[in-house]
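Peer 1: after the sequence you'll find the predicted model.
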Amino acid sequence: MKTALFICTGNTCRSPMAEAIARYVIEQGSMAGLSKDIFVASGGLSAGDGLPMSRETRSSLEKLSLKHDGHSKRVTAAMIRKADVTFVMTESHLLAAKRLVDHDESQARIVLLDPKGDIEDPIGKGQAAYDSLSVRFMKVIPKRLVEFLK
C-alpha cells in the first residue's frame, strides 16, 4: 500500500481538506492508473494534537458532499519517512519538512502540492477563501496523485 501525506501548519484547514479530497478522488477510482490501495494522512508542522478542523473547512467539504472526522496531529519525521510522497502547501513547509528528515532519502519525496506555487492559509479570510481552496484542491490533487503514485 502506498501512502500520501499532506502537510500544512496547524492541520485544521488546508491539510485535512486536502486529505478528505484525496480520499474522495481515490475512492471514486476515476483517475486512470491510480490504485485504490493508497493510504492518505495529514499533519501540521506546528499542530497541537487533537484539535478539530476549522468550521470553514468542514463547511467547504460539506458543500462537496465530503466528510472528514479527523483531528489535528503534529507531523513527525517518522510520518514523512513512511510516506511515498509528502505534499506540502508552501515553500516554507517544504524547507521545514526537509529539516525534519535531514540527510534522509525521504527528502526527495517532499514536494509542493501545487507546482504553480504556494497555497496560502485561508484562516481569517472568510468562507469564500475556503471554498476557493476546495476548488483549487479538486483540480490539483487528482493530477498530483497520479503523477506521484501511479
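Peer 2: Right, received. Where do you want to start?

Peer 1: all contacts plus neighbour counts: C-alpha atoms, from now on.
Peer 2: Will do.

Peer 1: got the buried residues for the longest helix seen in the chain?
Peer 2: Taking DSSP state H as the criterion, the chain has its longest helix at helix 127-149. By 16 or more other C-alpha atoms under 10 Å, the buried positions in helix 127-149 come out as 127, 129-131, 133-134, 137-138, 140-142, 144-145.

Peer 1: ditto for stretch 115-122
Peer 2: For stretch 115-122, by 16+ other C-alpha under 10 Å, it's 119, 121-122.

Peer 1: what about the residue nearest to residue 76 when sequence neighbours are not counted, distance to residue 107?
Peer 2: Sequence neighbours aside, residue 100 is the residue nearest to residue 76 in space, at 7.4 Å (criterion: C-alpha to C-alpha, 6 or more residues apart in numbering). Note on residue 100: its distance to residue 107, by C-alpha to C-alpha, to the nearest Å, is 9 Å.

Peer 1: what of residue 133?
Peer 2: To residue 107, residue 133 is 26 Å away according to C-alpha to C-alpha.

Peer 1: what's the answer for residue 49, then?
Peer 2: Taking C-alpha to C-alpha, one finds residue 49 at 24 Å from residue 107.

Peer 1: in terms of neighbours, single out the busier of those two.
Peer 2: residue 107 (20 against 15; other C-alpha atoms under 10 Å).

Peer 1: ok, the spatially closest residue to that one that is not a sequence neighbour - how many residues close by?
Peer 2: Nearest residue to residue 107, sequence neighbours excluded (C-alpha to C-alpha, 6+ apart): residue 98, at 5.3 Å. Neighbour count of residue 98, defined by other C-alpha under 10 Å: 21.

Peer 1: can you list the buried residues in the strand or helix carrying residue 98?
Peer 2: Per DSSP states H and E: residue 98 is located in helix 91-100. For helix 91-100, burial by neighbour count (16+ other C-alpha under 10 Å) applies to 93-94, 97-98, 100.
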